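Sequence first, then the predicted structure, then my questions.
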Amino acid sequence: MNQLEKCHYIEGCSDVFIDAFRAFKHKTIDSRNAFILTHYHADHWCGLPRGKGYTGPAKIHCTPATAKLLKEIHQINDSFIVQHEYEVTWTHGRAEITFYDANHCPGAALLFCKVATENASSFVYHLHTGDMRFHQKFKSYPLIKEAVEKKQLDILYLDTTYAKPKHTFLPQDEAIHKIASEVKELLSSNDEIVSEKKQSFFQPKAKSHETPKATERTLVLLSCYSIGKEKVLWHSAVQSNQLVYVNKSKHKMLECIECSSHIEEANGIINRCTLNKQDSDLHVIQMGTAGSLHPYFQPNFEECALYAHRMNKGYSKVVAFIPTGWAESSNYNKKNARSAKAVNLKELIKGSKINGNHDVMQVEVRLCAYSEHSTYNELRDCVEFMKPKRIIPTVFSGEKDYIAIQKRFCDLLDSQRAKQAFISKLAGAFTIGVKRKVDASSVTEPHQERKNLAWKDIPLPPRKKSPIEGSFKRTDCKVTKKIQVPRQLRAPRPMIVDDWKVAQLVNMGFTSTVAADSLISKNNNLEMAIEWLLLRK
């Protein structure tokens with residue numbers, strides 16, 4: 001999530017901050033402020049001190065699963081945590097806030113906000129997605145459904161992690177089934193080896209001329225974050241009929257999310273886990289152990305080989321899965337999604353004793369296109385359904401990327417409502433760029449007033465002369481004489497456009513080219529540019 005302030009607060013709510021422990025850290029000292037943590041991922045709680053380091057007094061609002069993680073893992077004092085169940089509305093100041101399941105990691109929440117205007121005469125409606133994977137069930141969430149049907153949604157704060165057209169990986173259910181099926185197939189050979197050993201115990205030894213069957217025992221590694229991808233773990237364990245080995249830290253986190261009773265995978269995965277490495281051929285490893293993804297996929301064969309060798313269970317093969325949305329982010333990643341190498345253990349260990357009878361470990365690392373963030377097409381489906389006035393991307397690399405993302409979704413916005421809102425603002429606050437107070441009784445129809453305006457009546461801003469524009473004086477003569485520079489030789493007028501203002505016009509449904517031209521013609525005055533564009537139509 002980007003750390004710019006505009007991503008971390010709801011417009012109209014000056015005392016509500018979202019995942020803002022770094023962006024608005026100074027606001028935590030005010031007890032009147034509410035800090036919402038959408039889910040327990042490091043890029044969202046970053047800036048939040050652990051244990052006694054957080055002294056508030058601002059309260060942290062979150063779901064029960066996130067609250068338990070904050071208490072048990074982050075060691076935050078219970079007095080600073082306020083938990084809210086999904087679909088239960090709570091109030092802070094002028095805002096009524098409701099959490100809905102974001103289909104991300106356990107405890108992740110969408111924030112639906114109903115905000116009263118300053119004079120309490122009306123309401124505005126916003127949705128902050130935090131991190132999410134768009135799902136059709138979002139369409140049935142009561143308050144969101146009602147706001148969409150009544151065309152009330154104003155701003156959609158959108159998780160734009162994969163907001164480029166190239167990000168079109170498999171639907172979540174299909175990706176999970178694919179990984180679980182591959183895990184089952186790999187581990188099925190291990191069951192055959194165990195059954196063969198049991199049979200051979202009661203059978204006579206093979207004669208010298210008979211060649212024994214080659215056995216290949218496989219270890220499967222699943223790359224996961226500290227919290228998340230529980231659906232992959234659950235289905236892999238169920239289909240392969242295996243326990244899943246996790247370390248103590250991961251086990252403690254999985255215990256915290258048992259309260260997510262509405263998600264079978266999160267609620268039941270703890271019963272499929274073990275702390276004993278010898279009990280399972282299916283192990284969870286930290287994301288990054290089996291390889292790095294940036295700037296491109298680079299598998300770590302040696303680390304995987306060492307992990308399997310240290311188990312001392314006779315593994316001759318190890319297969320590591322890396323479930324990530326970046327699996328197909330480049331042609332290189334696609335071509336090398338399955339990379340294999342035979343690792344010589346003697347060279348790797350260098351003189352140490354080798355466990356088992358295998359000197360070579362067959363290592364394979366598989367990139368799997370799975371993510372708990374929305375694909376590009378799912379983001380478009382989300383915006384098309386929500387039909388907000390405008391969107392604010394929450395994941396972007398810079399201002400240019402921010403504008404580019406907005407452009408990709410501008411055709412799905414309710415631009416008519418956005419334009420009407422700007423017209424109302426212009427009619428009520430100023431005429432032709434000059435702010436003034438308006439008596440409501442004296443304004444009958446703002447549109448009629450504007451139709452009669454003549455462009456000659458609009459004052460143009462003063463133009464600054466460039467160093468060689470206009471005239472200059474010759475000083476080598478006794479008589480000073482002015483020489484007029486021809487128009488064609490004059491320096492061009494600088495044309496610098498405010499990117500943020502272009503973004504506002506793009507949000508209204510205008511193209512970036514038209515938006516930029518209008519701002520240039522109006523000397524970067526946003527209000528005058530809007531008025532000019534609307535009157536031109």
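Right, received. Where do you want to start? Residues are numbered from 1 along each chain as shown.

And Pro165, how close does it get to Lys407?
12 Å (C-beta to C-beta, to the nearest Å). From N, CA and C alone the C-beta is placed, and that goes for glycine too.

again with Leu348
50 Å.

which residues touch the residue nearest to Gln75 when sequence neighbours are not counted?
Leaving aside its chain neighbours, Gln75 sits nearest to Gly51 (4.0 Å; criterion: C-beta to C-beta, 6 or more residues apart in numbering). By C-beta atoms under 8 Å, 6 or more residues apart in numbering, the contact set of Gly51 is His74, Gln75, Ile76.

and the second one, how many neighbours does it have?
The number of residues packed near Gln75 is 13, by other C-beta atoms under 10 Å.

How about Asp359?
Count around Asp359 with other C-beta under 10 Å applied: 13.

Identify the residues contacting it.
Taking C-beta under 8 Å, 6+ apart, one finds Asn344, Leu345, Lys346 in contact with Asp359.

Need the three-state assignment for the last one.
So that's Lys346. helix (DSSP: H, G, I helix; E, B strand; the rest coil).

Which residue, other than its chain neighbours, is closest to it?
Asp359 is the one closest to Lys346 (C-beta to C-beta, 6+ apart), at 5.7 Å.

what ranges do the strands span in the stretch 301-450 of the chain?
315-324, 338-344, 360-369, 390-393, 430-431, 434-435 (DSSP state E, counting those that start in this stretch).

TSV please, covering those and showing mean pLDDT, distance to Phe17 and mean neighbour count.
Putting these into TSV (pLDDT from 0 to 100; distance: least, C-beta to C-beta, whole Å; neighbours: other C-beta atoms under 10 Å) gives the following:
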stretch	mean pLDDT	distance to Phe17	mean neighbour count
strand 315-324	95	29	24
strand 338-344	95	43	14
strand 360-369	95	34	22
strand 390-393	94	15	24
strand 430-431	44	31	16
strand 434-435	42	29	9
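
So which of these is nearest Thr91?
strand 390-393 (23.3 Å; C-beta to C-beta).

And the contacts of that closest one?
So strand 390-393 is contacted by 2, 6-7, 154-158, 160, 163, 383, 402, 405-406, 409, 413, 418, 507-508 (C-beta under 8 Å, 6+ apart).

if we go to 7 Å?
Contacts made with strand 390-393 from outside it, assessed by C-beta atoms under 7 Å, 6 or more residues apart in numbering, are listed as 6-7, 155-158, 160, 163, 383, 402, 405-406, 409, 413, 418, 507.

Partner strands of it, with direction?
In the sheet, strand 390-393 lines up against strand 153-158 (parallel) (DSSP bridges).

Return the distance of the strand it pairs with from the chain's centre.
15 Å (C-alpha atoms, centre = their mean, to the nearest Å).

Let me know the closest of the contacts of Asp359 to Asn276.
Of all those, Asn276 sits closest to Leu345, with 24.2 Å by C-beta to C-beta.

picking up where we left off before, next one: the residue nearest to Gln75 from His74, what distance?
For Gly51 relative to His74 (C-beta to C-beta), the value is 8 Å.

next one: Gly228
16 Å.

Neighbour count: the two, which is higher?
Here Gly228 and His74 are compared on neighbour count by other C-beta under 10 Å; more neighbours surround Gly228, at 23 against 19.

Report how many residues lie close to His26.
Count around His26 with other C-beta under 10 Å applied: 7.

Can you name the residues bridging to Tyr315?
Arg217.

surely it meets Ala308?
Yes: using C-beta atoms under 7 Å, Tyr315 makes contact with Ala308 at a distance of 4.4 Å.

hey, what's in contact with both of those two?
What both Tyr315 and Ala308 touch, as defined by C-beta under 7 Å, 6+ apart, is the set Leu219.

re earlier: neighbour-wise, which of Pro165 and Lys407 wins?
Lys407 (16 against 11).

residues contacting the nearest residue to Leu48 once chain neighbours are set aside?
Sequence neighbours aside, Phe21 is the residue nearest to Leu48 in space, at 4.0 Å (criterion: C-beta to C-beta, 6+ apart). Phe21 makes contacts with Phe35, Trp45, Cys46, Gly47, Leu48, as judged by C-beta under 7 Å, 6+ apart.

low pLDDT regions in the stretch 351-500 of the chain?
351-357, 421-495 (pLDDT under 70).

do the same with the stretch 151-300 of the chain
Those would be 191-215, 259-267, if you go by pLDDT under 70 across the stretch 151-300 of the chain.

Which stretches in it count as strands?
Secondary structure of the stretch 151-300 of the chain by DSSP E, counting those that start in this stretch: the strands cover 153-158, 217-224, 244-245, 273-274, 282-286, 291-292, 298-299.

Adding distance to Ala109 and mean neighbour count, write those strands out as CSV.
Output for the strands of the stretch 151-300 of the chain, formatted as CSV (distance: least, C-beta to C-beta, whole Å; neighbours: other C-beta atoms under 10 Å):
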stretch, distance to Ala109, mean neighbour count
strand 153-158, 13, 23
strand 217-224, 21, 23
strand 244-245, 26, 24
strand 273-274, 25, 18
strand 282-286, 25, 20
strand 291-292, 30, 16
strand 298-299, 35, 17
